[in-house]
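In: what follows is a predicted structure for the sequence shown.
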Amino acid sequence: MRMLFQVGWTISVYLVLVACGTAPATDAGYRVVQAGSIQPGDTLSPPAGTVILTLTGKIGVTNIADRLEFDMETLEQIGLVEYTVDDPHLIETVTYQGVLLEPLLAVAQITPDATELQATAVDGYQTIIPLRVLEWPVMVATRRDGERMPLTAKGPLQIAFPYNTFEIDPIVHDPMWVWHLAALEVR
């Protein structure tokens, strides 16, 4: 219950800051690039464009049968942030832009008993991401160094962790950097 309170409180603070057009403090680990126009509680229409992300499982909002599907335009309407990080797989410093995982899950209205995500990539790679990672601004990245990421460059979506701002154990979290991200199952 404590984690849900913290997640709810963090989402509320985030939404207030975004609504006011104020970037969070520098210790938040990211910079707001574009305020979100989709908020928790909004009804989401089925995607008009190519589906790039599907959420299933313990969610309260769906737009196609029992799942919540996003095209790129709709996903980015949740709000864009950016941070620079030493990517452990590219072995270089890059600036990612994308949607924070926490407001994405708030829009999906995950159930209170949810504890983890199963992330699945286009190539079938799967990993479990515990929801405790929401203590950091984990991102579903849509751009690397200002450019969209094609499938041939680990895109169009990638999960990124703010390694340069927070003490995050790479031995535990490197496998959670899912590139070619296609689906998240909330468990």
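Out: Alright, I've got the coordinates. Since we're looking at a predicted model, the values are computed, not measured.
In: going by C-alpha atoms from here, please, whenever you check contacts or count neighbours.
Out: OK.
In: pLDDT below threshold where in this protein?
Out: Under the criterion pLDDT under 70, the flagged ranges of the chain are 1-27.
In: so which residues of it form helices?
Out: For the chain, the helices defined by DSSP state H occupy 2-19, 72-76, 101-107, 170-173.
In: show me what the third one packs onto, helices and strands only.
Out: Based on contacts counted as 3 or more CA pairs under 8 Å, 6 or more residues apart in numbering; DSSP states H and E, the elements that helix 101-107 packs against are helix 2-19.
In: how many neighbours does A121 have?
Out: A121 has 20 neighbouring residues, counting by other CA atoms under 10 Å.
In: check the one 5 residues further on too.
Out: Residue crowding around Q126 was assessed by other CA under 10 Å; the count is 17.
In: ok, it touching L117?
Out: No - using CA atoms under 8 Å, Q126 is not in contact with L117, being 10.1 Å away.
In: I128 contacts W177, correct?
Out: No - counting by CA under 8 Å, I128 does not reach W177; the two are 10.8 Å apart.
In: the more surrounded of these two?
Out: Comparing I128 with W177 by other CA under 10 Å, the one with more neighbours is W177, at 22 against 16.
In: from L75, how far out is the closest residue in space to that one that isn't next to it in sequence?
Out: Nearest residue to W177, sequence neighbours excluded (CA to CA, 6 or more residues apart in numbering): I159, at 5.0 Å. Distance, I159 to L75, by CA to CA, to the nearest Å: 14 Å.
In: what residues are up against the nearest residue to D145 once chain neighbours are set aside?
Out: Sequence neighbours aside, T95 is the residue nearest to D145 in space, at 4.9 Å (criterion: CA to CA, 6+ apart). Shown in contact with T95 (CA atoms under 8 Å, 6 or more residues apart in numbering): 82-85, 144-146.
In: give me the buried subset of those residues.
Out: 82-85, 144 (16 or more other CA atoms under 10 Å).
In: give me the most central residue, the protein.
Out: For the chain, the residue sitting closest to the mean C-alpha position, by CA atoms, centre = their mean, is L101 at 2.7 Å.
In: so who does that residue touch?
Out: 134, 137-140.
In: now with 7 Å?
Out: 138-140 (CA atoms under 7 Å, 6 or more residues apart in numbering).
In: go on, V81?
Out: So, once contact is read as CA under 7 Å, 6+ apart, V81 ends up touching 30-34, 97-99.
In: just these now: which is nearest T56?
Out: Closest approach between the contacts of V81 and T56, by CA to CA: V99, at 17.8 Å.
In: could you measure from A183 over to I59?
Out: 13 Å.
In: apologies, that question was intended for D86.
Out: In terms of CA to CA, D86 sits 32 Å off from I59.
In: on that earlier part again, so how far is A35 from the residue nearest to D145?
Out: Taking CA to CA, one finds T95 at 18 Å from A35.
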